[in-house]
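Q: Whatever this is, show me its structure:
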Amino acid sequence: MRTPAVPYIASSEAPTLWSRTIDRPGGRFLTASSVIALAIVVLAIASLSWRRRRRRITQS
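A: Below you'll find the model as predicted:
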């Protein structure tokens, strides 16, 4: 007799973040695209901050 690949979860337990997002169709894509979008925003903010700081240094 084979054991099931996914262990039985009692109905009283709440679903995990993994099962609610990653484990659903499109969940991995949504996660990857969210990380990429966050990285772009962080790079844009860092770039603007760096340009402002550099502009202040050259004007002084």
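Q: Spatially central residue in the protein, please.
A: residue 35 (4.0 Å; CA atoms, centre = their mean).
Q: The lengthiest helix in the chain: how far from the chain's middle?
A: Counting residues, the longest helix found in the chain (DSSP state H) is helix 27-59. With CA atoms, centre = their mean, to the nearest Å as the basis, helix 27-59 stands 15 Å off its chain's centre.
Q: who does it touch, helix- and strand-wise?
A: Based on contacts counted as 3 or more CB pairs under 8 Å, 6 or more residues apart in numbering; DSSP states H and E, there is no element that helix 27-59 packs against. In short, each C-beta sits where N, CA and C put it, glycine included.
Q: That helix - what's its average pLDDT?
A: Here helix 27-59 scores 88 as its mean pLDDT.
Q: How much space separates residue 47 from residue 39?
A: 12 Å (CB to CB, to the nearest Å).
Q: ugh, wrong one, residue 22
A: The value you get for residue 22 to residue 39, if CB to CB is used, is 18 Å.
Q: now swap in residue 23 and tell me
A: When residue 23 is compared with residue 39 (using CB to CB), they lie 23 Å apart.
Q: And those two? Which one has more around it.
A: Between residue 23 and residue 39, counting by other CB atoms under 10 Å, residue 23 is the more crowded of the two (13 against 10).
Q: Report how many residues lie close to the residue lying closest to residue 31 once chain neighbours are set aside.
A: Leaving aside its chain neighbours, residue 31 sits nearest to residue 22 (6.1 Å; criterion: CB to CB, 6 or more residues apart in numbering). Using other CB under 10 Å, residue 22 has 12 other residues around it.
Q: Pretty sure residue 22 sits against residue 29.
A: No: Residue 22 is not in contact with residue 29 according to CB atoms under 8 Å; the separation is 10.2 Å.
Q: can you pull the pLDDT of residue 22?
A: 73.
Q: Adjust the sequence numbering to begin at 111 for everything that follows.
A: Sure thing, new numbering starts at 111, so read that last one as residue 132.
Q: got the contact list for residue 129?
A: By CB atoms under 8 Å, 6 or more residues apart in numbering, the contact list for residue 129 is empty.
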